[in-house]
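Undergrad: what would the 3D arrangement of this be:
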Amino acid sequence: ISFHGREEELDLLRDMVAGRRFVVVHGIAGIGKTTLAVRLLEDLRKETNVLWVTLHSWDTLSGVFNQLAGFLADA
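TA: Just a heads-up that it's a prediction; the model follows:
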């Protein structure tokens, strides 16, 4: 992923993630949330297990739990 000019935001997100069990990135469409999160995950996956869940209004809680259970079973 090409990534230029967002190092400050990436550093801030890294600081926010440190020591937390989960983080939610949200905001208006088109501002680069996904690109920023993917870049962070690329770095974090070198150090720890990472679960990425994209939530939509039509997702069910049981579906999210199934994704989480599958992740934990593989960890």
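Undergrad: helices and strands of this structure: which one has the lowest mean pLDDT?
TA: Least confident helix or strand of the chain, by mean pLDDT, DSSP states H and E, is helix 61-74 with a mean of 86.
Undergrad: so which bits of that one are buried?
TA: Going by neighbour count (16 or more other CB atoms under 10 Å), the buried part of helix 61-74 is residue 67. The way it works is simple: take the backbone N, C-alpha and C, and place the C-beta from them, glycine included.
Undergrad: what mean pLDDT does stretch 26-40 get?
TA: Per-residue pLDDT over stretch 26-40 has a mean of 89.
Undergrad: how about the CA coordinates for that stretch, as CSV?
TA: The C-alpha trace of stretch 26-40 is given here as CSV (Å, rounded to 0.1, in the frame of the first residue of the first chain):
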residue,chain,number,x,y,z
HIS,A,26,-14.6,5.3,12.3
GLY,A,27,-15.3,8.5,10.4
ILE,A,28,-16.9,9.8,7.3
ALA,A,29,-16.4,8.0,4.0
GLY,A,30,-13.3,8.6,1.9
ILE,A,31,-10.9,10.0,4.5
GLY,A,32,-8.5,7.0,4.5
LYS,A,33,-9.6,5.1,7.5
THR,A,34,-9.1,1.7,5.9
THR,A,35,-5.7,2.6,4.4
LEU,A,36,-4.5,3.8,7.8
ALA,A,37,-5.8,0.8,9.6
VAL,A,38,-4.3,-1.6,7.1
ARG,A,39,-0.9,0.0,7.4
LEU,A,40,-1.1,-0.3,11.2
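Undergrad: quick one: the strands in this protein?
TA: Assigned by DSSP state E, the chain shows no strands.
Undergrad: from residue 45, how far out is residue 39?
TA: Distance from residue 39 to residue 45, counting by CB to CB, to the nearest Å: 11 Å.
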